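1. here is a sequence with its predicted model. Questions after.
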Amino acid sequence: MDPIDLIHAAAHFATVPGIILIALAAYLSTFAVRVLYRLTFHPLANFPGPRLAAATYLYEFYYDLYPHQLRYLWQIERLHQQYGPIVRINPAHIHINDPDFLDDIYASGKRKRDRDAWFSGSAKVGPLGWSTFQTIDHHVHRMRRAALSPFFSKRNIQRLEGLITAKIDVLVARFAAAHQTGEVLPLLHATGALTMDIISVYAFGRDAGKLTQPNWAAEELEAYRKLSEFGPFGRHFPWFAKAMMVMLPARLVEKLSPTAALLRRNRAFFRDLIQEAIADGARGPAERAPHRTIFQDVVQSSLPPPEKAPDRLSAEANLLQIAGTETTARSLAVLLFHLIENPAVLTRLRDGLSAYASKVGTDMKLADLEAMPYFSAVITEGIRISNVVSSRMPRCAPDEDIRYGDWVIPAGTPIMQSHYLHHQNPAIFPSPTVFNPDRWLADPDLKPRYFMGFGRGSRICLGINLVYAELFLTVARLVTRFDLELYETVRERDVDVARDCVLGLPSAGSPGIRVRVVRDRGGLRSS
C-alpha cells in the first residue's frame, strides 16, 4: 500500500469512534487470549468444574451480583453435587467440600497459609484494610496477631468477667422494662448493643453507650450489614471501594452512601484514638491514663514502627469493633430464637442452671458455666446453626503443593471450604437444620474434628474466648430470668441464612428476630 494511503487510513481511525473501536478490539483480543489461557494452559485447566467458571469471573458475578444476589454459595453446593468434592469455581479458586480435609487447608504451626489477595481486594482500602484479619502474608499476620493475642487470652477474658456482667445487668434492666410496657424487642439490635458496649470499653476505654439508646445499636449494625453485602461487589470492582473510602470528598460520600460516610467517620475517630494512645505513651508513668486499653499497650509493644502507625492501627480498631459486635450479636440472637422454638431444650437447660444455682447460690461464675456439658453443647450448637460466618475462606500454601486424592493443587493456588456448606453437611451433622445440642454430647470427637464456628488453624478467630464468655453469661442470665415469645418472626425469612457475603445473612427485607418478654422470673445473677 502507498504510504499516503496508510496515512489516510490512520487518520480515518484517529476519530473518536475509531479510537473507541480500536480500544474495544484490543480489549476483546486481550479477553480472548486470557480465556484461552485459563481454559488450556492454566495450571488449573484440567480440574473439574464448569468451563464458564474457569474462563471468567462473570460466572461468579452472575450468582453473587446480577441477576442473582449473594447466592453463589448455593451454586457452589450444586457444582459439588455435579462434579464431586473438588471443583474449580472461578479462574483461580479451588473449592473442596470434604470435612476430613479441613486441617490441610486451614493448617496450623509451621505450614504457611496466606490469605487470597483477590478475595480480600476491596478490603485493602476499606475500614479493615490493614487489619490482622485482612493481612495476606502468613508471617506478617503472625506478627500482627501476636501483638493482640494476649488481650484475648483465657486469663484476661476471665478478668473481664465483671465488665461483661455489668453490661448484662443493663440489658436485663431493659428487658425487665419491656416486660412492663409490652415493648417488642429487636433481638439483634439489643444483643449488638451489648457486644458493642463491651468491646468499646475493653478495647478503647470508651463506652459506646448503646444499651441505653432507644434504637440500641441499629445504625451501626445496619452499616456493618451493608459493608458485608458490598464485599462481593468490591472484589469485582475494587476501585469503587477506594473511591468511596478514600478518594471522594466526605460531603459527596455522605450523599451517595450514608453507610460509607459512617465507616469513614469511624476510621477518623479511631485514627484520633490511636494518636491519643501514642501521646499517652510519651508521657511519664505518673501522667498516663489510669485505665489501660488495648491500644495504649499495643503502641508500646515491640511491633515495628510502621505497624504502629495510626492509619494501620485504626484498621485494627475497626476490626475489633465490627467483629466484636456483629458476629457475637448475631450468634446470640439466633441461639435465643432456637431456645424459644425448642421448649424441651430450654427446659433442660434451665433445670441444669437451677441445679447449679442450688449449689452456689444466685451468683454465676463463667468457669462453672463453661464446665456444664449440656450448656456447652447448647452454645456450640447455636454457633453451628447460626452460620454467622457462612462464606468460603481461601488459603494459599505458597511453599507446597497440596494433594487431594489424585489431584495435585499447585503451590500458591487459593483453596477453601465454605463454613455454611460444612456445617450443613448431613454426613457429619445429621438433620443439619435441626437444633440438637445432644449431637455434641453423643460424639466427643465431633467438635475437635469438625467444628468450624471460629475457623481453624493459624487464623482461627482472635476473640474466641471473649465470644464464649459473652454467650455463656448472657444466655444463662436471660433464660433464667425471662420467658420470651417470638413476635412476627418467621424462621425461613428472619433466621436461616439466605445470602452469603462472608456474613451469613437472612433474606433481604427481613425485619429481624423480634421478641416480647412475657414473664419476669427473677433468676440467677452474674457475679
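-> That came through fine. What you see is a predicted model, and the numbers here were worked out from it, not measured in a lab.
2. show me what counts as buried in the longest strand seen in the chain.
-> As assigned by DSSP state E, the longest strand anywhere in the chain is strand 514-520. The neighbour-count check on strand 514-520 (16 or more other Cβ atoms under 10 Å) flags Arg514, Val515, Val517 as buried. All C-beta atoms are positioned from the backbone trio N, CA, C, and that covers glycine.
3. tell me which helix or strand comes right after the lowest-mean-pLDDT helix or strand in the chain.
-> Among the helical and strand segments of the chain, the one scoring lowest on mean pLDDT, DSSP states H and E is helix 3-13, with a mean of 51. Note on helix 3-13: by DSSP states H and E, the next helix or strand toward the C-terminus is helix 16-36.
4. check which helices and strands that next one sits against.
-> Other elements packing on helix 16-36 under the criterion 3 or more Cβ pairs under 8 Å, 6 or more residues apart in numbering; DSSP states H and E are helix 3-13.
5. give me the domain ranges for the chain.
-> 1-41, 92-526 (automatic domain parsing).
6. output the ones you listed as CSV; include the columns distance to Tyr57.
-> Shown next, in CSV, are these (distance: least, Cβ to Cβ, whole Å):
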stretch, distance to Tyr57
domain 1-41, 10
domain 92-526, 6
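7. quickly, which of these bottoms out on average pLDDT?
-> Note on these: domain 1-41 shows the lowest mean pLDDT, a mean of 73.
8. just confirm Gly162 is within a helix.
-> Yes - checked against DSSP: H, G, I helix; E, B strand; the rest coil, Gly162 lies within a helix.
9. how many other residues sit next to it?
-> Neighbour count for Gly162, taken as other Cβ atoms under 10 Å: 11.
10. ok, now Glu219?
-> Residues near Glu219, counting by other Cβ under 10 Å: 15.
11. double-check that it belongs to a helix.
-> Yes - counting by three-state DSSP, Glu219 is part of a helix.
12. for Ala190, see how far away Leu478 is.
-> Distance, Leu478 to Ala190, by Cβ to Cβ, to the nearest Å: 10 Å.
13. between these two, what contacts are shared?
-> Residues touching both Leu478 and Ala190 by Cβ atoms under 8 Å, 6 or more residues apart in numbering: Leu171, Phe175.
14. of those two, who's got more company?
-> Ala190 (24 against 20).
15. hmm, back to that, so which of the domains of the chain is the most packed in?
-> domain 92-526 (a mean of 18; mean count of other Cβ atoms under 10 Å).
16. spatially nearest residue to Leu73 (excluding sequence neighbours)?
-> Asp500 (3.9 Å; Cβ to Cβ, 6 or more residues apart in numbering).
17. check which helix or strand the one you found maps to.
-> Secondary structure (DSSP H and E) places Asp500 in strand 499-501.
18. re earlier: of the buried residues of strand 514-520, closest to Glu161?
-> Proximity of the buried residues of strand 514-520 to Glu161 (Cβ to Cβ) peaks at Val517, which lies at 25.1 Å.
19. I'd like the distance between the closest residue to that closest one other than its chain neighbours and Thr325.
-> The spatially closest residue to Val517, leaving aside those adjacent along the chain, is His179, at 3.9 Å (Cβ to Cβ, 6+ apart). Going from His179 to Thr325 by Cβ to Cβ gives 25 Å.
20. next one: Glu77
-> 29 Å.
21. how about Pro85?
-> Applying Cβ to Cβ to Pro85 and Thr325 gives a distance of 35 Å.
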